[in-house]
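Chemist: task: produce atomic coordinates for the following.
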Amino acid sequence: MIDESAAVLPLWMLLSAAFGFMIGEALGGQARVRKYLEQANDDLRDQLQAARPPGLSKLKQELDQQRHVINDIHKRIAAVTKGLQKPTS
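Modeler: Presented below is the predicted three-dimensional model:
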């Protein structure tokens, strides 16, 4: 009986080591793929920044300012038209 358990113990150790190696390899592979994809994403982002014209940020600021002005005008006009639509008692 002792000889059988002594023979089974190395087999279980071998199986657990193999299972641990497979899990480690799978998780390590996923980490490598994720790191590679993050690096590729950063490279593409840098290329996109380099390809943009230099005046684009100023244009974006001007468009945002115009959008804010139009929104303010709309709020005031909407308030006035609501006031005109309400009947006075």
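Chemist: which SSE is immediately downstream of the longest helix anywhere in the chain?
Modeler: Identified as the longest helix of the chain according to DSSP state H is helix 2-51. Next along the chain after helix 2-51, taking DSSP states H and E as the criterion, comes helix 56-85.
Chemist: rounded mean pLDDT for that following helix, please.
Modeler: Taken as a whole, helix 56-85 has a mean pLDDT of 87.
Chemist: chain center to it, what's the gap?
Modeler: The offset between the C-alpha centroid of helix 56-85 and the centroid of the whole chain comes to 32 Å, using CA atoms, centre = their mean, to the nearest Å.
Chemist: elements contacting that helix?
Modeler: Packing contacts for helix 56-85, counted by 3 or more CB pairs under 8 Å, 6 or more residues apart in numbering; DSSP states H and E, involve no helix or strand. Heads up, the C-betas are built off the backbone N, CA and C, glycines and all.
Chemist: domains in this protein, by residue range?
Modeler: Partitioning the chain according to automatic domain parsing yields domains covering residues 1-51, 54-89.
Chemist: mind putting those into a markdown table with mean neighbour count?
Modeler: Compiled in a markdown table, those are given as follows (neighbours: other CB atoms under 10 Å):
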| stretch | mean neighbour count |
| --- | --- |
| domain 1-51 | 9 |
| domain 54-89 | 9 |
